[in-house]
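Trainee: could you look at this predicted model? Sequence included:
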Amino acid sequence: MSILPIFIPHAGCPHQCVFCNQKKISGQHSAALASAREQIARWRSWLRPSLAHEAAFYGGSFTGLPLELQRELLQLTDELLAEGFIGSVRLSTRPDYIDSERLQLLKEHHVELVELGVQSLDDKVLQAAERGHTAAGVTTAMALLKQHGFKTGLQLMVGMPQQSFASVKETARQAIALRPDIARIYPLLVIKDTPLAQTYAQGLFVPLSVDEAVTQAAWLYKELTQAGIKVIRIGLQADEELCAEGNILAGPFHPAMGELVKSRVLRDELTPRLLEQAKITQTLALHCPARLESKLRGQKNCNLHYWQQLLPDVEIKIVPSEGEEISL
């Protein structure tokens with residue numbers, strides 16, 4: 001399966017959130033129909049048709065666009081569907097641009113999944129970010145989407161202004177109660193030419209460190225996945241424009257944020273078992289299949305070093321195994 005992203009940066013958004021510069025994030029500078037056609041033509045040249053492919057409108061608030069422009073953009077994906085080049089369509093938007101008229105249009109053009117850029121379900125955090133909607137609005141939008149038969153997704157953030165770890169945990173509880181099909185987790189970055197960049201320059205905002213972001217994102221990832229919600233992305237896509245010198249001013253950016261988070265989840269799950277076994281033996285062996293070894297060790301063996309510091313008198317070994325899971 002391949003996702004065919006079609007970027008419409010900042011298009012349809014009623015205003016700019018303090019952390020957002022979609023032109024830097026997406027690498028696209030126009031929401032015009034011509035730009036969408038150009039992006040689709042590029043995918044046509046790279047990929048073979050497959051019903052497993054999915055076209056995805058990203059970068060702005062799709063349902064905030066004028067209805068006629070929405071219709072014209074969706075006609076482009078209608079053509080791909082009719083040809084069998086793709087098998088489904090998804091898009092992202094804001095919760096306050098969800099209503100029956102808009103959803104009917106999406107239904108007519110075979111959209112299957114709608115992701116809501118929510119970021120937080122704490123009204124204090126939403127207000128500080130100038131999101132322009134409330135947590136209650138998210139609940140209403142999710143209910144409408146489900147009533148119309150859409151699959152749903154939530155995009156969540158850690159490290160936002162006035163967002164504590166406790167706030168992240170409460171957002172997780174509320175997000176799980178909404179029962180989305182998928183979720184994304186983004187640590188907040190300070191990006192050039194955003195209102196947050198000015199606040200940061202004035203010393204009024206301190207972003208999370210990479211370790212803090214990994215800790216919070218790992219907790220969120222674990223809670224969501226244990227509730228049966230598939231987390232399909234952790235961290236922003238490290239594309240050429242976002243990573244260009246001077247674009248990211250501060251914050252917990254790491255090109256392998258997803259790997260760091262999943263590695264931390266493994267560490268947190270295994271540490272209590274290691275501590276318990278260390279009471280009765282001085283040698284511990286973690287039997288690990290090859291596909292999980294890098295996550296188990298952590299970047300630069302950070303998990304192994306962590307356990308060695310935690311249990312300095314215990315020998316800890318990682319042993320290759322034929323099994324499918326890690327065992328102790």
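Mentor: Cool, the structure landed.
Trainee: poorly predicted segments of the stretch 1-150 of the chain, please.
Mentor: 9-32 (pLDDT under 70).
Trainee: let's go with 50 and repeat that
Mentor: 12, 24-30 (pLDDT under 50).
Trainee: ok, which stretches of the stretch 151-300 of the chain are strands?
Mentor: 151-158, 182-187, 190-191, 230-234, 248-250, 283-288 (DSSP state E, counting those that start in this stretch).
Trainee: would you turn these into CSV with mean neighbour count and distance to residue 119?
Mentor: C-beta: built from backbone N, CA, C; applies to glycine. CSV is the format used below for these (neighbours: other CB atoms under 10 Å; distance: least, CB to CB, whole Å):
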stretch, mean neighbour count, distance to residue 119
strand 151-158, 22, 4
strand 182-187, 23, 8
strand 190-191, 23, 15
strand 230-234, 17, 14
strand 248-250, 17, 18
strand 283-288, 17, 35
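Trainee: turn the ones you listed into JSON lines, columns for distance to residue 121.
Mentor: Output for the strands of the stretch 151-300 of the chain, formatted as JSON lines (distance: least, CB to CB, whole Å):
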{"stretch": "strand 151-158", "distance to residue 121": "8"}
{"stretch": "strand 182-187", "distance to residue 121": "12"}
{"stretch": "strand 190-191", "distance to residue 121": "23"}
{"stretch": "strand 230-234", "distance to residue 121": "16"}
{"stretch": "strand 248-250", "distance to residue 121": "25"}
{"stretch": "strand 283-288", "distance to residue 121": "36"}
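Trainee: so who does residue 88 touch?
Mentor: Residues in contact with residue 88, defined by CB atoms under 8 Å, 6 or more residues apart in numbering, are 54-55, 110, 112-113.
Trainee: of these, which is the nearest to residue 78?
Mentor: residue 110 (6.9 Å; CB to CB).
Trainee: residue contacts, that closest one?
Mentor: 77-78, 81, 88-89.
Trainee: distance-wise, check the spatially most central residue of the chain relative to residue 261.
Mentor: Geometric centre of the chain, nearest residue: residue 184, 2.5 Å, by CA atoms, centre = their mean. Residue 184 is 12 Å from residue 261, where distance means CB to CB, to the nearest Å.
Trainee: what's the overlap in contacts for those two?
Mentor: Contacts common to residue 184 and residue 261, judged by CB under 8 Å, 6+ apart, are residue 234.
Trainee: for the stretch 51-200 of the chain, what spans make up the helices?
Mentor: Using DSSP state H, counting those that start in this stretch, the helices of the stretch 51-200 of the chain run over residues 67-83, 100-108, 123-128, 135-147, 165-178, 195-201.
Trainee: just put these in JSON lines and tack on mean neighbour count and distance to residue 249.
Mentor: Shown next, in JSON lines, are those (neighbours: other CB under 10 Å; distance: least, CB to CB, whole Å):
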{"stretch": "helix 67-83", "mean neighbour count": "16", "distance to residue 249": "32"}
{"stretch": "helix 100-108", "mean neighbour count": "14", "distance to residue 249": "35"}
{"stretch": "helix 123-128", "mean neighbour count": "18", "distance to residue 249": "18"}
{"stretch": "helix 135-147", "mean neighbour count": "18", "distance to residue 249": "29"}
{"stretch": "helix 165-178", "mean neighbour count": "17", "distance to residue 249": "22"}
{"stretch": "helix 195-201", "mean neighbour count": "17", "distance to residue 249": "6"}
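Trainee: can you list those in JSON lines and add distance to residue 306?
Mentor: Below are the helices of the stretch 51-200 of the chain laid out as JSON lines (distance: least, CB to CB, whole Å):
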{"stretch": "helix 67-83", "distance to residue 306": "46"}
{"stretch": "helix 100-108", "distance to residue 306": "46"}
{"stretch": "helix 123-128", "distance to residue 306": "30"}
{"stretch": "helix 135-147", "distance to residue 306": "36"}
{"stretch": "helix 165-178", "distance to residue 306": "20"}
{"stretch": "helix 195-201", "distance to residue 306": "30"}
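Trainee: and those helices: which comes nearest residue 59?
Mentor: Judged by CB to CB, the one of the helices of the stretch 51-200 of the chain that comes nearest to residue 59 is helix 67-83, at 12.1 Å.
Trainee: please convert the buried members of the contacts of residue 88 into ChimeraX selection syntax.
Mentor: The ChimeraX command for the buried members of the contacts of residue 88 (criterion: 16 or more other CB atoms under 10 Å) is given here:
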select :54,55,112,113
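Trainee: nearest to residue 192 among the contacts of residue 88?
Mentor: residue 55 (29.6 Å).
Trainee: please name the bridge partners of that closest one.
Mentor: residue 4, residue 89 (DSSP bridges).
Trainee: separation between it and residue 235?
Mentor: Distance, residue 55 to residue 235, by CB to CB: 23 Å.
Trainee: equivalent analysis for residue 172, please.
Mentor: 17 Å.
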